[in-house]
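Visitor: Would you be able to build a 3D model of this:
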Amino acid sequence: GYSTPTLRACLMVAAVLLIGWYGRNRASGIDILCAALLWMLLANPLSVLTPGFWLSFLAVTVLYTCVTQSADLGFADPRSSGNPLAGIRRFLVANSHTQFVLGVGLIFPSLVFFSQVSVVSFIANLLAIPFFSFCILPLALVGAALVTFQSGLGEWLLIGAAICLDWLVAGVGMLARMPGAIWQ
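Guide: Next comes the predicted model:
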């Protein structure tokens, strides 16, 4: 019942764990992506017929390429300077670069599969990804862990995560309703 991108993410985590477990600590991102691709095709050969298959694997490939290029350009290590503001600036530049490259890399497949491209996806991702990563996800994971121990705090954390998710959906919805948000 997993969607194709969810199954791809699970298979990539499994590939990282298995490759690491068998002592191949320095496996490249491409090795892991290829392992996940092979397992995806074995688990669901018809997934190649879905746009989610192509967009998911293409997005990860673009992100991997972008991250390795960012490291080569010196964006990746915010600790290289003693100035904390320089580290923050370097982090913001690297993330903006990544989102820009990802957006450009997915224009053609989006046009092929959906006959449209989101113009506001760059701004939406710049806001949504850090908010989800640093706010919603930690609240949800810690809340879920505490709920298993019958902690009232866990329930409050899950409620907080749900409220934050509602804010995120509302914000992205406002961007999506802007005039010219989608180019067809």
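Visitor: so where's the longest helix in the chain?
Guide: In the chain, with assignment by DSSP state H, the single longest helix is helix 152-176.
Visitor: which is the next helix or strand following that one?
Guide: strand 182-183 (DSSP states H and E).
Visitor: What strands flank that following strand, and is each parallel or antiparallel?
Guide: Partners of strand 182-183 in the sheet, by DSSP bridges, are strand 117-118 (antiparallel).
Visitor: follow-up on the earlier one: for the longest helix of the chain, buried residues please.
Guide: Buried residues in helix 152-176, counted by 16 or more other Cβ atoms under 10 Å: G154, L157, L158, G160, A161, C164, L165, L168, V172, L175. In short, each C-beta sits where N, CA and C put it, glycine included.
Visitor: State the mean pLDDT of it.
Guide: Here helix 152-176 scores 94 as its mean pLDDT.
Visitor: And stretch 121-138, by the same measure?
Guide: In this model, stretch 121-138 has an average pLDDT of 89.
Visitor: Name the surrounding residues that touch that stretch.
Guide: Residues from elsewhere that reach stretch 121-138, judged by Cβ atoms under 8 Å, 6 or more residues apart in numbering: 95-96, 99-100, 102-103, 118, 161, 164-165, 168, 171-172, 175-176.
Visitor: out of these, what pair is the most spread apart?
Guide: The largest separation in the contacts of stretch 121-138, counting by Cβ to Cβ, is between F100 and A161 at 28.9 Å.
Visitor: Can you report how many residues lie near L63?
Guide: Using other Cβ atoms under 10 Å, the number of residues around L63 comes to 16.
Visitor: so how far is I123 from it?
Guide: Per Cβ to Cβ, to the nearest Å, L63 is found 18 Å from I123.
Visitor: that older thread, what would the buried residues of helix 152-176 look like in a markdown table with distance to F53?
Guide: A markdown table is the format used below for these (distance: Cβ to Cβ, whole Å):
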| residue | distance to F53 |
| --- | --- |
| G154 | 36 |
| L157 | 34 |
| L158 | 32 |
| G160 | 34 |
| A161 | 29 |
| C164 | 30 |
| L165 | 26 |
| L168 | 26 |
| V172 | 24 |
| L175 | 27 |
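Visitor: that older thread, tell me what the longest helix of the chain is packed against?
Guide: Packing contacts for helix 152-176, counted by 3 or more Cβ pairs under 8 Å, 6 or more residues apart in numbering; DSSP states H and E, involve helix 121-131, helix 137-147.
Visitor: among the ones you listed, which is nearest C10?
Guide: In terms of Cβ to Cβ, the element of the helices and strands packed on helix 152-176 nearest to C10 is helix 137-147, at 16.0 Å.
Visitor: Would you mark the buried spots in the closest one?
Guide: Residues L139, A140, V142, G143, L146, V147 are the ones in helix 137-147 that count as buried (16+ other Cβ under 10 Å).
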